[in-house]
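K.L.:
Could you work out the structure for the sequence below:
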Amino acid sequence: MPIINVNVKWSGKKFDMIELDTDESAEVFKTQIFSQTGVPPERQKIMVKGGMLKDETDLNTLNLKDGHTFMMMGTAGEISKPPPKPVQFIEDMSDAQVAKAMDIPTGLDNLGNTCYMNSTLQCMRAMPELRSALDKIQSTGGDQRGKLTVGLRDLMKRLEENPEQCTPMAFWMALQQVCPQFAQRGPGNMPMQHDAEECWSEIITILKNKLPIDESTSHNFVDEYMTGRMRIETKCLEAPEEEKQVVHEPFSKMSCHISICKRVFERMDANGRSLKEQLEKNSPTLDRTAQYERVSQVERLPKYLTVHFIRFFWKPQERIRAKILRKVVFPLEFDATSLCTLELQSKFSKAKGKIKEVEDLKLQKKRDEKRRKVDDDTVMKDGSSAASSSSSAATNGPKDGSGVNWADYIDPELAKDPGCNPSGLYELCAVLTHIGRSADSGHYIGWVKKDHDEWHKFDDDKVSVVRDADIEKLAGGGDGHTAYIVLYRAKQLD
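P.N.:
Okay, the predicted model is just below:
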């Protein structure tokens, strides 16, 4: 058929004299209409006899005549969209908005030199089992120590809700009731600064006595997850035939005498005793004073190991507890096997070996991924055909060690003890630091690990994100923040 002129009615408007070649496809005709109306072909609904005009319709079969008018429906241009959410820069956000965007937890308001308490509580939050144990408390308190424990439960719950602000007034008042030393006031009736380690020890002692007992283990959280056990052997060096004395003692923290060491585990003690020391006492065999050697070895490692750096000593002339600024390096990960009895070391061997194997596989996987990324970048730049080999490497590369059945590697006796460390390997999960020259002045801050190479710095109500490199700078040696208490967690078997 010859070319004819047609009209199109759309949205109250009429477009006349549009040329239509009936030998062309309907899609070409729709394109012509688009140029006139701005309605894209995919949105055009053109009425014809028998229904709608489709792209594959043969126009000759419609028997159109010159001057035919088409009715069309459809929307011109893009469909209106709601305006996109404007980009908000972190510099323009409030503190609450920044905290929500970066998943930063809530800090604690300073009530007047209460940074020692705030940093202690934030570091304790690194132990989720403690929060679970507190949630099991049913009573409303009882004696003052019971009320303090309930107050800690309520404070932890409030912090979990992540409010914009949290004032620990009720807990602080309860702490002063139980431990009157924390109620001391200075000039101007201002609360005095106190020792964070003393606060830590007092709270742990109260929790040990007041937290509910787990019926399955007959222990509470402190006994199960924070308490280890020492085997202490004393022998006479001058009378080897004399029977050795062996006792077993629990411990809830280890101490590091930093005045005589540069690395955290060079000189340790538990319950005030060095792990290896010589002493003099009366020998029943020799019937006189003789030289003895006392060796302490760990026979149970808890899941959470607290290490206290003894940084303060009494200066009688100045009547202050002065600070030792010596740098003492503490690792982000450490192997506590050397502190343990040979029997316990043998129980660690399978799990410890498997953990190291899995970590090596994960490290190799990261290296392979980094190498493949470099290779892919080279392929894109050079246009070479090495992409297939890179893809093959990704498929046939080493596994990352996931899916391990750890029950096959944990010693059966240790598997029955859920609060112990079954491998002897630890990772750092919290650090409590002090800045200043004496225990009764300065400032305390808590640092808690969130994820790989990500930590939260709790400076009272100010909370920020830091990295592993920032934690390694807390070893001391100057007037900056110095590690005072470190909390290690057993490496997770996952």
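
K.L.:
and the nearest residue to Trp314 once chain neighbours are set aside, how many residues sit next to it?
P.N.:
Leaving out its chain neighbours, the residue that sits closest to Trp314 by CB to CB, 6 or more residues apart in numbering is Arg321, at 5.8 Å. Where C-beta positions appear, they are placed from N, C-alpha and C, glycine not excepted. For Arg321, the neighbour count with other CB atoms under 10 Å is 16.

K.L.:
repeat for Ile203
P.N.:
21.

K.L.:
Now do the contacts for it.
P.N.:
Ile203 sits next to 120, 124, 148, 152, 175 when contact means CB atoms under 8 Å, 6 or more residues apart in numbering.

K.L.:
one step back: let me know the helix or strand that the residue nearest to Trp314 is in.
P.N.:
Here Arg321 sits within strand 320-323, counting by DSSP states H and E.

K.L.:
Please apply the same query to Asp154.
P.N.:
Counting by DSSP H and E, Asp154 is part of helix 144-160.

K.L.:
Can you spell out which helices and strands pack onto that helix?
P.N.:
Packing partners of helix 144-160 (3 or more CB pairs under 8 Å, 6 or more residues apart in numbering; DSSP states H and E): helix 128-135, helix 169-178, helix 196-210.

K.L.:
Using CSV, list the CA coordinates for stretch 130-137.
P.N.:
The C-alpha trace of stretch 130-137 is given here as CSV (Å, rounded to 0.1, in the frame of the first residue of the first chain):
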residue,chain,number,x,y,z
LEU,A,130,28.4,-11.8,82.0
ARG,A,131,25.4,-10.0,80.5
SER,A,132,23.6,-13.4,80.2
ALA,A,133,24.4,-14.2,83.8
LEU,A,134,23.1,-10.8,85.0
ASP,A,135,19.9,-11.3,83.0
LYS,A,136,19.2,-14.4,85.1
ILE,A,137,18.9,-12.4,88.3
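
K.L.:
Can you give me the buried ones in that stretch?
P.N.:
Neighbour-count burial for stretch 130-137 flags 130-131, 133-134, 137 (criterion: 16 or more other CB atoms under 10 Å).

K.L.:
host element of Phe15?
P.N.:
Assessed by DSSP H and E, Phe15 sits inside strand 13-20.

K.L.:
before we move on, the earlier item: what are the contacting residues of the helix holding Asp154?
P.N.:
With CB under 8 Å, 6+ apart as the test, helix 144-160 has contacts from 105-106, 108, 121, 125, 130-131, 134-135, 137, 139-141, 166, 168, 170-171, 174-175, 177-178, 203, 206-207, 209-211.

K.L.:
before we move on, the earlier item: roughly how far is the strand holding Phe15 from the heart of the chain?
P.N.:
Offset of strand 13-20 from its chain centre (CA atoms, centre = their mean, to the nearest Å): 68 Å.

K.L.:
Throw the helices and strands packed on helix 144-160 into a markdown table and include distance to Ile33 and mean pLDDT, thanks.
P.N.:
As requested, those are exported to a markdown table (distance: least, CB to CB, whole Å; pLDDT from 0 to 100):
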| stretch | distance to Ile33 | mean pLDDT |
| --- | --- | --- |
| helix 128-135 | 66 | 95 |
| helix 169-178 | 73 | 95 |
| helix 196-210 | 78 | 96 |
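
K.L.:
Of these, which is nearest Gly446?
P.N.:
Proximity to Gly446 (CB to CB) singles out helix 196-210 among these, at 8.9 Å.

K.L.:
who's Ala430 bridged to?
P.N.:
On the basis of DSSP bridges, Ala430 is bridged to Val448, Leu487.

K.L.:
need the contact list for it.
P.N.:
Contacts of Ala430 (CB under 8 Å, 6+ apart): 122-124, 126, 446-449, 486-487.

K.L.:
Which one of those is nearest to Ile355?
P.N.:
Lys449 (18.0 Å).

K.L.:
ok, and the closest non-adjacent residue to that closest one?
P.N.:
Nearest one to Lys449, counting by CB to CB, 6+ apart, is Cys429 at 4.8 Å.

K.L.:
same thing with Ile46?
P.N.:
Nearest residue to Ile46 in three dimensions, chain neighbours excluded: Leu53, at 4.0 Å (CB to CB, 6+ apart).

K.L.:
Run a quick neighbour tally on the one you found.
P.N.:
Residues lying near Leu53 (other CB under 10 Å) number 20.

K.L.:
Return the per-residue confidence for it.
P.N.:
Note for Leu53: predicted pLDDT of 88.

K.L.:
pretty sure it contacts Thr61?
P.N.:
No. Leu53 lies out of contact with Thr61 (CB atoms under 8 Å); the separation is 11.4 Å.

K.L.:
what packs against the strand holding Phe15?
P.N.:
Secondary-structure packing of strand 13-20 (3+ CB pairs under 8 Å, 6+ apart): strand 4-10, helix 26-37.

K.L.:
Please save the CA atoms from the shortest one in PDB.
P.N.:
Translated: strand 4-10. What follows is strand 4-10, C-alpha atoms only, in PDB (Å, rounded to 0.1, in the frame of the first residue of the first chain):
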ATOM      1  CA  ILE A   4      -0.800   7.600   3.900                       C
ATOM      2  CA  ASN A   5      -1.200  10.500   6.300                       C
ATOM      3  CA  VAL A   6      -2.800   9.700   9.700                       C
ATOM      4  CA  ASN A   7      -3.600  11.600  12.800                       C
ATOM      5  CA  VAL A   8      -2.900  10.700  16.500                       C
ATOM      6  CA  LYS A   9      -5.000  11.900  19.500                       C
ATOM      7  CA  TRP A  10      -3.200  11.800  22.800                       C
END
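
K.L.:
Nearest to Asp287 among the contacts of Ile203?
P.N.:
Of all the contacts of Ile203, Asp287 sits closest to Thr120, with 50.3 Å by CB to CB.
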